[in-house]
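S.K.: predicted structure and sequence below. I'll ask about it afterward.
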Amino acid sequence: MKIFVCIKQVPDTETKIKLNADKSFIDTTGVKWVMNPYDEYAVEEALKYKQAHPQATVTAVSLGPKKRVIETLRTALAMGADDGIAIDAPESLDSYVTAKALAKAISGEGVPHLIFTGKLAIDDNASSVSQQLAEFLGLPHATVVSKFEAKDNQYQVEREVEGGSREIVQLFGPSIIAANKGLNQPRYASLPGIMKAKKKPLKELDLKSLGVDESEKKLDFVDYMLPPEKPPVKFLDGDVQNQVQSLTKLLREEAKVI
Amino acid sequence: MSDVIVFCESQKGELKKGSLELLNAAKKTGKNVLAVVLGPQWKSISNLPALHGSKKVFVCTDEKLKHYNPQAYSEVLNHILKDQNFEIILASSTLMARDLFPRLAAKIDAAVVSDCTELDLSSGTTVRRPMYAGKCTATVKFKDGVKKIILIRPNQLPVGEPDPSATAEIIEVSMPILDLKTIVKDVVTGTSEKLDLTEANIIVSGGRGLKEAANFKMLEELADTLGATIGASRAVCDAGWIPHSMQVGQTGKTVAPTLYIAVGISGAIQHLAGMSASKVIVAINNDPEAPIFQKATYGIVGDAFEVVPKLTEEFKKLLN
Ligand SMILES: Cc1cc2nc3c(=O)[nH]c(=O)nc-3n(C[C@H](O)[C@H](O)[C@H](O)COP(=O)(O)OP(=O)(O)OC[C@H]3O[C@@H](n4cnc5c(N)ncnc54)[C@H](O)[C@@H]3O)c2cc1C
């Protein structure tokens, strides 16, 4: 019973983004890379499933620049995943090629029982790979999942929809679940876990070995820009009454937003 | 010449604002605009896209489409699109669209890009979107000849005037036979009848400065007066005052409303990332050094408990 969890490294949320010289990407010097926060929920849910189903194994899969991929896989292994698949690939793949490569890597391992991912990666915020992976593998998917229950080969999830409403969705058979915050409380890697992780199997693949080519990309992100400098804030003076009166007046007459 | 497809969503029997914006953008290209609308709620309103420039409306009102279902929706769309000559599909970057269109893109071998904030179709296809939850932006460069699915955040583009006499060819589509591996069992409605944060035109957001959950009442009154949606910082979501679905920021929702009012929010980098693209930002905070003021258009240094009720009164006077 093979459970997969797809993970990615992203710049820590504290990162102040700077751009590289030709504005073709961010300047990655000094960036601290961490596991995408939503992927931590995905790893945790896979591990919880394994705890409840002793015949299950958890394989963590990650695609990207090799060094970072291996680092984040080691974290997942230290949390308790059984083995890892590292797919070495350039930084600038789009979600289409990423999902295609993940699909090939996963189907190369046999039939997946369940696949967990984060609901989005907080770098490009695309929230696309899980659904594309599901389509390429011909599996049902549910995204933005904050509750997951398994009963035999049937799953019931709760997912957030508009306006804070929640849907209760059932999925039948092998499925892809994209985790939201609230799904669980991710565990920390313990020291013994970290030691053990060093000996766990880690398979190294690249795009070529998967028969996927970078030229299949559908798009590139170019011409990066930092947000325009904002003019300094206008502080409103006077007592509270004056402040709120000036504010409503400015919002109507100057900013014209109400 | 290829057609432009606009996927429309409705709420309470009206086209959503985001859909109106996209119909207008599509119309301005001078190309044929085809609308697609899915779900039984469209039975009596499938002509709405016509009033905004659509020449053909594909509609499937099957009960199976009552609730969004990724498999059913993507299959019906595929069924409709396979006979169309198009290069671009436009949709609002709603929670539903963000779930649906990546799946469709993989199915029809198209490019997909979510959460875009700029769209210019006057010569070619120019699209920009935030990256790193708004810490920077980038242009999307599509590969030559690919079909493009572009999801645009609501409230970014102008809306056109409707033409009440305009008509369109309405094409009823029947549901293909499907072996559904997902079903929606139930929908638990949220506390809010309001627009989702990602679609709201005005957001009133509260942080730890509000001291306790009960004090969000004060913000709700302000929000009701303005027809705004409530948002929050992570600190108060983590504290359980407010559901996570209302969190704004890098690990919450990235938003770009016309007006964002931040009350008792310090402006941590993760919060700013998610909202600094808002057109006008008002910050109310008793600490003049709070980082939120660096991104704010207007600032009131003061106690939220004094300022907010008075502000609500003032808006009431102005808006009534
Ligand atoms: C991995 C990670 C991801 C994160 N993601 C997010 C995210 O997505 N969104 C997010 O918001 N945060 C996020 N955070 C948390 C973020 O770092 C801050 O901790 C959080 O935003 C602070 O919330 P706050 O502004 O409500 O609280 P505080 O920082 O405590 O600020 C409270 C503010 O209220 C003001 N105040 C106090 N009393 C009053 C009063 N009576 N009247 C007026 N003002 C008053 C204070 O001056 C202060 O500025 C993340 C953190 C991490 C580590």
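M.R.: Everything's here; your move. Numbers count the residues shown, from 1 in each chain, chains lettered A, B, ... in the order given.
S.K.: hmm, residue A:120 is touching residue A:131, no?
M.R.: No - the pair residue A:120 and residue A:131 does not pass the contact test of CB atoms under 8 Å, sitting 10.7 Å apart. Yep, even glycine has a C-beta here, placed from its N, CA and C like the rest.
S.K.: now the common contact residues for the two.
M.R.: residue A:178 (CB atoms under 8 Å, 6 or more residues apart in numbering or on different chains).
S.K.: tell me which of these two has more neighbours.
M.R.: residue A:131 (30 against 26; other CB atoms under 10 Å in any protein chain shown).
S.K.: if I pick that one, what's in contact with it?
M.R.: A:141, A:143, A:176, A:178, B:70, B:99, B:100, B:102, B:103, B:106.
S.K.: neighbour-wise, which of those residues leads?
M.R.: residue B:102 (33 neighbours).
S.K.: how far away is that one from residue A:177?
M.R.: 15 Å (CB to CB, to the nearest Å).
S.K.: would you map the strands across chain A?
M.R.: In chain A, strands defined by DSSP state E lie at A:2-7, A:9-11, A:33-35, A:57-64, A:83-88, A:112-118, A:141-151, A:154-160, A:166-172, A:175-179, A:202-206, A:219-225, A:234-235, listed in chain order.
S.K.: output the ones you listed in a markdown table, with mean pLDDT and distance to residue A:75 appended to each entry.
M.R.: Listed next are those as a markdown table, based on pLDDT from 0 to 100; distance: least, CB to CB, whole Å:
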| stretch | mean pLDDT | distance to residue A:75 |
| --- | --- | --- |
| strand A:2-7 | 98 | 8 |
| strand A:9-11 | 98 | 9 |
| strand A:33-35 | 98 | 5 |
| strand A:57-64 | 98 | 9 |
| strand A:83-88 | 98 | 10 |
| strand A:112-118 | 98 | 14 |
| strand A:141-151 | 97 | 21 |
| strand A:154-160 | 96 | 25 |
| strand A:166-172 | 97 | 28 |
| strand A:175-179 | 98 | 16 |
| strand A:202-206 | 98 | 12 |
| strand A:219-225 | 97 | 26 |
| strand A:234-235 | 98 | 45 |
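S.K.: not counting its neighbours along the chain, what's nearest residue 153?
M.R.: As the question left the chain open, I've gone with chain A. What sits nearest to residue A:153 in space, not counting adjacent residues and going by CB to CB, 6 or more residues apart in numbering or on different chains, is residue A:173, at 5.5 Å.
S.K.: that's the other chain; I wanted chain B
M.R.: Nearest to residue B:153 is residue B:93, by CB to CB, 6+ apart, at 4.9 Å.
S.K.: number of nearby residues for that neighbour?
M.R.: Residue B:93: 25 neighbours (other CB under 10 Å).
S.K.: ok, residue B:253 next?
M.R.: 21.
S.K.: for it, give me its contacts.
M.R.: Applying CB under 8 Å, 6+ apart, the residues contacting residue B:253 are B:197, B:198, B:231, B:247, B:274.
S.K.: what about 7 Å?
M.R.: Listed by CB atoms under 7 Å, 6 or more residues apart in numbering or on different chains, the contact partners of residue B:253 are B:197, B:198, B:247, B:274.
S.K.: which of these sit farthest apart?
M.R.: With CB to CB as the measure, no two of these lie farther apart than B:198 and B:247, at 11.9 Å.
S.K.: give me the neighbour count for residue 18.
M.R.: This is for chain A. 15.
S.K.: my question was about chain B
M.R.: 27.
S.K.: any idea of the pLDDT on it?
M.R.: Note on residue B:18: pLDDT of 96.
S.K.: next SSE after the helix or strand where it lies?
M.R.: Take DSSP states H and E as the rule and residue B:18 turns out to sit in helix B:17-27. Downstream of helix B:17-27, the first helix or strand assigned by DSSP H and E is strand B:33-38.
S.K.: related to what we said a few turns ago, going by distance to residue B:17, which of the contacts of residue A:131 wins?
M.R.: Taking the contacts of residue A:131 together and measuring to residue B:17 by CB to CB, the closest member is residue B:100, at 19.1 Å.
S.K.: look at the residue nearest to the closest one when sequence neighbours are not counted and say how many residues are nearby.
M.R.: Counting by CB to CB, 6+ apart, residue B:100 lies nearest to residue B:73, which is 5.3 Å off, once chain neighbours are set aside. Residues lying near residue B:73 (other CB under 10 Å) number 24.
S.K.: now do the one 3 residues further on
M.R.: Neighbouring residues of residue B:76 were enumerated by other CB under 10 Å; the total is 24.
S.K.: I'd like the distance between it and residue B:59.
M.R.: Counting by CB to CB - residue B:76 and residue B:59 are separated by 10 Å.
S.K.: overlap of the contact sets of those two?
M.R.: Going by CB under 7 Å, 6+ apart, residues that sit against residue B:76 and also against residue B:59 are residue B:173.
S.K.: nearest to the ligand: which residue in the stretch 151-258 of chain A?
M.R.: residue A:181 (9.3 Å; CB to the nearest ligand atom).
S.K.: show the backbone phi and psi for the residue of the stretch 51-200 of chain B found nearest the ligand.
M.R.: Nearest residue of the stretch 51-200 of chain B to the ligand (CB to the nearest ligand atom) works out as residue B:133 at 7.7 Å. Backbone geometry at residue B:133, expressed as degrees, to the nearest 10, gives phi 50, psi 30.
S.K.: is it true that it touches residue B:248?
M.R.: No - Residue B:133 is beyond contact range of residue B:248, at 10.0 Å (criterion: CB atoms under 7 Å).
S.K.: shared neighbours of those two, anything?
M.R.: In contact with both residue B:133 and residue B:248: residue B:274, using CB under 7 Å, 6+ apart.
S.K.: contacting residues around the residue nearest to residue B:100?
M.R.: Contacts of residue B:73 (CB under 7 Å, 6+ apart): B:38, B:65, B:100.
S.K.: how about residue B:275?
M.R.: Counted by CB under 7 Å, 6+ apart, residue B:275 has contacts B:248, B:255, B:260.
S.K.: apply 8 Å and report the result again.
M.R.: Contacts of residue B:275 by CB under 8 Å, 6+ apart are B:134, B:203, B:205, B:231, B:248-249, B:254-256, B:260, B:262, B:281, B:295.
S.K.: let me have those in CSV, extended by neighbour count, distance to chain A and secondary structure.
M.R.: As requested, the contacts of residue B:275 are exported to CSV (neighbours: other CB atoms under 10 Å in any protein chain shown; distance: CB to the nearest CB, whole Å; DSSP: H, G, I helix; E, B strand; the rest coil):
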residue, neighbour count, distance to chain A, secondary structure
B:134, 25, 7, helix
B:203, 30, 12, strand
B:205, 33, 14, strand
B:231, 33, 11, strand
B:248, 29, 13, strand
B:249, 27, 8, coil
B:254, 24, 6, coil
B:255, 25, 12, coil
B:256, 22, 11, coil
B:260, 29, 10, strand
B:262, 31, 12, strand
B:281, 26, 8, strand
B:295, 20, 6, helix
